[in-house]
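[1] Following is a predicted model, sequence given first.
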Amino acid sequence: MKISILTIFPEMFAPLNTSIIGRAKNSGKIQIDTINIRDYSLDKHKKTDDAPFGGGAGMLMTPQPIADAIKAIDPEHNAIRIYLSPKGKTLNQKTVRELAENGKDLILLCGHYEGVDQRVIDLFIDQEISIGDYVLTGGELPAMVLADAVCRYVDGVLNAESLKAESFSDDLLEYPQYTRPQVFMGLEVPEVLVSGDHKKVDEWRREQSLKLTKKLRPDLLNKE
Ligand code: 4G1
């Protein structure tokens, strides 16, 4: 899978070189390219923003550099072109899975300031996706969230064990987990987890997951 990220702040994506995603990049399982929109600006000062027609506060990203960047990296429109935007459909795990399994490369466009000229969206964007309802300074963190979530599903990025456990507990919250020491600041690990009875352990975890989900996220139980 290749993900191309269009941004005026490519240095914000350094965290993707760390941990599981960093390892997947280094081993060639995924490719994440950050493309600096500024490199495509034909302006003599490499400007990428301008004031909005009609007036108002703030600046908009100008269409020319974004359009030329997209035309250069995806001339035949083979990729799914996504604009991370508060107007988009809120991201969920179903959408993540669909994007991962679809087989197409992704182009993620990150807005900054007051966003992008509407004509870029009308001419070049396939989908708008939001990661939630709050105000941000740019679409870079949302693009990183989407890239992280999608890359987990690429073959070999996670160990098969983790993905299987996840599909088994689908749409439930995680049960409480414990590691050594068996007593910490006076609190003991639940007896069943040290009993050695794997069937009992599985039953306890399922029960805990259901109880927690009912209490904290009942909305997760009434899906599809
Ligand atoms: C109106 C949040 C504006 C923000 C209403 C989640 C937020 C991209 C996202 C904004 C952004 C609300 C996202 C707001 C995002 C232009 C550049 C848009 C930054 C910008 C609820 C600023 N998921 N926000 N506007 O935050 O890009 O994807």
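    Arrived safely, thanks for sending. Note that the coordinates shown come from a computational prediction; the quantities given were computed from them, not determined experimentally.
[2] which residues in this protein form helices?
    According to DSSP state H, the chain carries its helices in the segments 19-26, 63-73, 93-101, 118-124, 140-151, 160-168, 198-216.
[3] and the angle from the first one to helix 160-168?
    Direction vectors for helix 19-26 and helix 160-168, defined by axes from the mean of the first three to the mean of the last three C-alpha atoms, to 10 degrees, enclose an angle of 120 degrees.
[4] Does anything pack onto helix 19-26? Which helices or strands?
    strand 31-36, helix 140-151 (3 or more C-beta pairs under 8 Å, 6 or more residues apart in numbering; DSSP states H and E). All C-beta spots, glycine's among them, are computed from the backbone N, C-alpha and C.
[5] Show me which strand runs longest in this protein.
    strand 80-90 (DSSP state E).
[6] So which elements touch it?
    Counting by 3+ C-beta pairs under 8 Å, 6+ apart, strand 80-90 packs on strand 106-110, helix 118-124, strand 127-130, helix 140-151.
[7] Show me what from the chain comes close to the ligand.
    For the chain, the contact set with the ligand under C-beta under 6 Å from any ligand atom comprises 84-86, 111-112, 115, 130-136, 138-139, 142.
[8] Who wins on neighbours among these?
    Most neighbours among the residues of the chain next to the ligand, by other C-beta atoms under 10 Å: residue 139, with 28 neighbours.
[9] what sits against that one?
    Residue 139 makes contact with 7, 83, 84, 85, 108, 109, 110, 111, 112 under the criterion C-beta atoms under 8 Å, 6 or more residues apart in numbering.
[10] repeat that for 7 Å
    With contact taken as C-beta atoms under 7 Å, 6 or more residues apart in numbering, residue 139 is in contact with 84, 85, 110, 111.
[11] sorry, back to before: could you identify which of the helices of the chain is most buried?
    Mean neighbours per residue, mean count of other C-beta atoms under 10 Å, is largest over those for helix 140-151, with a mean of 21.
[12] what's the span of stretch 4-23 from first residue to last?
    Stretch 4-23 has its terminal residues 18 Å apart, counting by C-alpha to C-alpha, to the nearest Å.
[13] any low-confidence regions in this protein?
    Applying pLDDT under 70 to the chain flags residues 224.
[14] okay, which residue is most central for it?
    The chain has residue 146 as the residue nearest its centroid, 1.4 Å off, counting by C-alpha atoms, centre = their mean.
[15] Tell me the spacing between residue 43 and residue 49.
    Using C-beta to C-beta, to the nearest Å, one obtains 10 Å as the distance from residue 43 to residue 49.
[16] And residue 114, by the same measure?
    Computed as C-beta to C-beta, the residue 114 to residue 49 distance reads 9 Å.
[17] Those two: which has the busier surroundings?
    Counted by other C-beta under 10 Å, residue 114 and residue 49 do not tie: residue 49 has more neighbours, with 17 against 14.
[18] Who does that one form a beta bridge with?
    Counting by DSSP bridges, residue 49 forms beta bridges with residue 61.
[19] Hmm, residue 62 and it touching each other?
    Yes - in terms of C-beta atoms under 7 Å, residue 49 counts as a neighbour of residue 62; the distance is 6.0 Å.
[20] quick one: common contacting residues for these two?
    By C-beta under 7 Å, 6+ apart, no residue touches both residue 49 and residue 62.
[21] who wins for proximity to residue 3 among the helices of the chain?
    For residue 3, the closest of the helices of the chain is helix 140-151, at 5.3 Å, according to C-beta to C-beta.
[22] list the contacts for residue 204?
    By C-beta under 7 Å, 6+ apart, residue 204 lies in contact with residue 192.
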